[in-house]
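Novice: Predicted model follows, preceded by the sequence.
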Amino acid sequence: MEKSRDASSPTRYLLKIESFSLLSENGIYKYESNEFESGGFNWKMIIHPDGDGDGAGHISVYLAISEKSAVWEVNASFSFLIFDQIHDNYTVMKGMESHFRNIKTEWDFSKCISHETFKDPSNGYLVDDKCIFGVDVYVIKNQGIGECMSLLNGTKLYKHEWKITEFTKLKNEVYSEEFTVEDYKWKLLLYPRGDSRQNGQNISIYLESVDAKGFDRQKSVRAKFSISVKNQICGYKHHNSDSSNWYSAATKSWGWTSFMSCCEFNDPKKGFLIEDCCILEAEVSIVGVVNCLT
């Protein structure tokens, strides 16, 4: 025994057993309580009146979590109690802090209390063949910070075509319509005369994540992509080498500041700008995702 608590102290779940001696006589060597909730999770208490494992001569008590999801982790502090019916208080038999997860759903005390101690009339635990077991469960909120990286294999390559008319009337920057790749939204960002570093010498173009501004600190998405401009005379596509980037709240766009010289793009013989119209194409696939570790 570790310490006593006043009976008014809260217990999360109580199990009262009447006719304790009849459990074994009726072949009840293990009893699982109904589920109860604590900290947003469902739990149950398991009693082995004649002990379990190496608990011969003892009462074994388990705390089990009932969760159905494939991957989860819960930290909990819990104590097993037994009611002292003489002194009207609960005695803490065992207490600990444990880590529950999908491959470890139960924590136990195989030698929670000996039959000798339990049945000793002076202790008040078994009176008129009646007893009360209890458990306090406190879920510990995860204060750690971490991330989970998932690399994706065989994701579909998505193609998006952007046709721009009246190109020469465009101002400093222009965005394409949004398109979706693997549940994430994207758009192209074009500077027809280059961004602030180009002085009108080169076209700048970027792939931008629409969702990134709403990502938390741990969230990021890795996209592999290429962007090309179509030669409308022969079908040839001008594009830079494939690129890839982790998109996050701090980095929402990535691409080429010097995608193509303005002189080459505007040359009618090249076929990239025909009747003040050009066609851009983006090929995008999602290759990795990082989420907050929970």
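Specialist: Arrived safely, thanks for sending.

Novice: low pLDDT regions in the stretch 51-200 of the chain?
Specialist: Across the stretch 51-200 of the chain, the ranges flagged by pLDDT under 70 are 68-71, 142-145.

Novice: again, 80 this time
Specialist: For the stretch 51-200 of the chain, applying pLDDT under 80 flags the ranges 67-73, 102, 141-146, 154.

Novice: what's the distance between stretch 223-240 and the middle of its chain?
Specialist: Relative to its parent chain, stretch 223-240 has a centroid offset of 38 Å by C-alpha atoms, centre = their mean, to the nearest Å.

Novice: which of the residues in that stretch are buried?
Specialist: When neighbours are counted by 16 or more other C-beta atoms under 10 Å, the buried residues of stretch 223-240 are found to be Ala223, Lys224, Phe225, Ser226, Ile227, Ser228, Val229, Lys230, Gln232, His238, His239. For the C-beta atoms, the positions are set from N, CA and C on the backbone; glycine is no exception.

Novice: just checking, the third one is part of a strand?
Specialist: Yes. When the secondary structure is assigned by DSSP: H, G, I helix; E, B strand; the rest coil, Phe225 falls within a strand.

Novice: which SSE is the spatially closest residue to it that is not a sequence neighbour in?
Specialist: In space, and not counting its chain neighbours, Phe225 is closest to Val284: 4.4 Å by C-beta to C-beta, 6 or more residues apart in numbering. Assigned by DSSP states H and E, Val284 belongs to strand 277-292.

Novice: Report the distance from that strand to the chain centre.
Specialist: Relative to the mean C-alpha coordinate of its chain, strand 277-292 is positioned 24 Å out (C-alpha atoms, centre = their mean).

Novice: elements contacting that strand?
Specialist: Taking 3 or more C-beta pairs under 8 Å, 6 or more residues apart in numbering; DSSP states H and E as the contact definition, the neighbouring helices and strands of strand 277-292 are strand 147-151, strand 158-165, strand 179-181, strand 184-191, strand 202-209, strand 220-230, strand 243-248.
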